[in-house]
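# Structure, please.
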Amino acid sequence: MKLSATAFAILSLLWLVGIPPAAAHSSLPSEDPWNPAHIEVLPREVRATVEHFGRVCGSPVAGLRLFSRYIQDRVTGDKFISLHFEDLRCANKPAVCKAQGCLHQVYVSKGGPYRLIMSLYVPEIEFKLIDGSTAVEIKSDGIIEPCFRDFRWNGSRLNRLK
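Alright, predicted model coming up:
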């Protein structure tokens, strides 16, 4: 059986939050990139933040499938979700995007509820694995060229790499 990118992403998310793929198969959202199900499958505590910004934006909450991204730390087993608010449909875009970039948030779960560990306005962030540990690469605009900063998960927080 071949899965679409959307179906794979949603099954991965469901696995991360502890729902077996077989139980979730019948509830996969359509291929519509603005399908509200991309938000509805987020854990309750993360979804509450998204719904808040949806109200501030003045439009229904609906995000592209790339709005939320996932990774699991291979060393600690901790699960991470990043939110990319540039991919949130928003009538009032300044509510989530500033001159330095759009809001990006990173949440972690150590087996329980997700908690916010990073929230910043930058052009982009990306998850990476460094020796099995989760890292967050932050891209920001430099005066001449973009600059990158890396933060690595130590099991309790993200520490900036030199």
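
# Around residue 122, how many other residues sit close by?
By other Cβ atoms under 10 Å, the residues close to residue 122 number 16. Every C-beta, even on glycine, is put in place using the N, C-alpha and C of the backbone.

# any idea how far residue 83 is from residue 114?
Taking Cβ to Cβ, to the nearest Å as the criterion, residue 114 is separated from residue 83 by 11 Å.

# More neighbours: which of those two?
residue 83 (26 against 22).

# which SSE is the more buried one in?
Using DSSP states H and E, residue 83 maps to strand 79-84.

# what pairs with that strand, and is each one parallel or antiparallel?
The pairing partners recorded for strand 79-84 under DSSP bridges are strand 68-72 (antiparallel), strand 101-109 (antiparallel).

# Residue 78 is nearest to which of those?
Nearest to residue 78, of all the strands paired with strand 79-84, is strand 101-109, at 5.4 Å by Cβ to Cβ.

# Would you mark the buried spots in that closest one?
101, 102, 103, 104, 105, 106, 107, 108, 109 (16 or more other Cβ atoms under 10 Å).

# who's the residue most central in space within the chain bridged to?
By Cα atoms, centre = their mean, the chain has its centre lying nearest to residue 82, at 2.2 Å. Taking DSSP bridges as the rule, residue 82 bridges to residue 69, residue 106.

# is it true that it touches residue 66?
No - checked against Cβ atoms under 8 Å, the pair residue 82 and residue 66 is beyond contact range at 10.1 Å.

# circling back to that earlier point, is it possible to get a markdown table of the buried residues of strand 101-109 that adds pLDDT?
Putting the buried residues of strand 101-109 into a markdown table (pLDDT from 0 to 100) gives the following:
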| residue | pLDDT |
| --- | --- |
| 101 | 92 |
| 102 | 93 |
| 103 | 95 |
| 104 | 96 |
| 105 | 97 |
| 106 | 98 |
| 107 | 98 |
| 108 | 98 |
| 109 | 97 |
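
# out of these, who's nearest residue 40?
For the buried residues of strand 101-109, the nearest to residue 40 is residue 107 (16.3 Å; Cβ to Cβ).

# and the gap between that closest one and residue 117?
Note on residue 107: its distance to residue 117, by Cβ to Cβ, is 7 Å.

# swap in residue 68?
15 Å.

# So if I had to pick from these two, which one is more boxed in?
Comparing residue 68 with residue 117 by neighbour count (other Cβ under 10 Å), the higher total belongs to residue 68, at 23 against 16.
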